[in-house]
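Visitor: Sequence first, then the predicted structure, then my questions.
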Amino acid sequence: MRNRFQRRVFNPAMAQTVLPEKIQEKITAPRLIEFKHIGRKIVVVTAYDYAAGRLADRAGVDVILVGDTLGIMALGYKNTVPVTLDEMIHHTKAVKRGVKNALVVADLPFGTYQASPQEAFHSAARLLKEGGAHAVKLEGGVHLAETVRLLTSSGIPVMGHLGLTPQSVNLFGGNKIQGRTTDAAELMVRSARALQEAGAFGMVLEAIPAELAKRITAEVGIPTIGIGAGADCDGQVQVWNDLFGIYPGRPLRHAKCYVNLGEIIEEALRTYADEVRQEAFPTEENSH
Ligand code: KIV
């Protein structure tokens, strides 16, 4: 039987609806693990600023990810590699100011955690102390187990990220589906187990075959959050700009655009420009 949180179909007529106060609750990392065990799907969305954080929180999203897609979506970089820790902290602070209930997870950007567990600790601590994040996410599996162990044993909740890990775009030679060979799939299953054993509270599975995501989801006791990983993950994550048609590039197969705000905003801006040029705006109504 589905519960009230599962399979809610988006209905534009209901777009103003916010979850009633009584079913909004403060989301914590341990609570997400409980969600997996009671079969309540976990909703995750990225956000990069105060307004987006506030809207996602009011809509009852469980986890707001200040992803390093920030670099592409908000800062105009080609990929996530150039994103700095200071940029992540700046945007995490902004998002956090809009959030009351959701768990705010911030990405550790490329080059701020791979060299050693100690480096990872200092970077993660800044995301929590200065950015106000509740948890951090990092890309990698087995080889980062020691790092995840140090962070979690120091009180920092960690979310892993397996499959297409965009910070490795230069190694992969592009954004390609991962885990297609038997060896790659086995390594990913081992990585998922290693993340759990090291204390991670969940993991993103990005762009991997749905069957592999289903297997990992069944084998680990912590939630899997899919993006391009099929319907059997414990939750789903989508990138803000993809949901609203404001991605400055081609649409991705795993993304769903719920409302094409890009077109709506562009059209509104044309109308505004016309009205200013034709001296139809401002009117008396808009004047003091
Ligand atoms: O940075 C990001 O937005 C992400 C999601 C795509 C999972 O890592």
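Guide: Now that the structure is in, tell me what you want to look at. Keep in mind that this is a model prediction, so the values were computed, not measured.
Visitor: can you pull the buried residues of stretch 235-248?
Guide: Neighbour counts over stretch 235-248 (16 or more other Cβ atoms under 10 Å) mark 235-247 as buried. In this view, the C-beta of every residue, glycine as well, is placed from N, C-alpha and C.
Visitor: Equivalent analysis for stretch 227-234, please.
Guide: Buried residues in stretch 227-234, defined by neighbour count with 16+ other Cβ under 10 Å: 227-230, 233-234.
Visitor: Determine which two of those are furthest apart.
Guide: Comparing every pair within these by Cβ to Cβ identifies 228 and 234 as the most remote, at 15.4 Å.
Visitor: quick one, what contacts residue 90?
Guide: Residues near residue 90 by Cβ atoms under 8 Å, 6 or more residues apart in numbering: none.
Visitor: Spell out which parts of the stretch 1-150 of the chain neighbour the ligand.
Guide: Residues of the stretch 1-150 of the chain lying close to the ligand by Cβ under 6 Å from any ligand atom are 46, 65, 67-69, 107.
Visitor: closest to the ligand among those residues?
Guide: residue 67 (2.3 Å; Cβ to the nearest ligand atom).
Visitor: ok, back up a step: inside strands: which ones of the buried residues of stretch 235-248?
Guide: 235-238 (DSSP state E).
Visitor: What is the lowest-pLDDT residue among the buried residues of stretch 235-248?
Guide: The pLDDT minimum for those sits at residue 247, where the score is 79.
Visitor: ok, now which ones touch it?
Guide: Applying Cβ under 8 Å, 6+ apart to residue 247 gives the contacts 73, 239, 241, 255, 262.
Visitor: between those residues, which is closest to the ligand?
Guide: Nearest member of these to the ligand, counting by Cβ to the nearest ligand atom, is residue 239, at 5.2 Å.
Visitor: Low-confidence regions, the stretch 101-250 of the chain specifically.
Guide: Of all residues in the stretch 101-250 of the chain, those with pLDDT under 70 make up the ranges 248, 250.
Visitor: Show me the strands in it, by range?
Guide: 103-107, 135-137, 158-163, 202-206, 224-227, 235-238 (DSSP state E, counting those that start in this stretch).
Visitor: Which helix or which strand is home to the closest residue to residue 82 other than its chain neighbours?
Guide: Spatial nearest neighbour of residue 82, chain neighbours left out: residue 71 (6.0 Å); criterion: Cβ to Cβ, 6 or more residues apart in numbering. Assigned by DSSP states H and E, residue 71 falls within helix 70-73.
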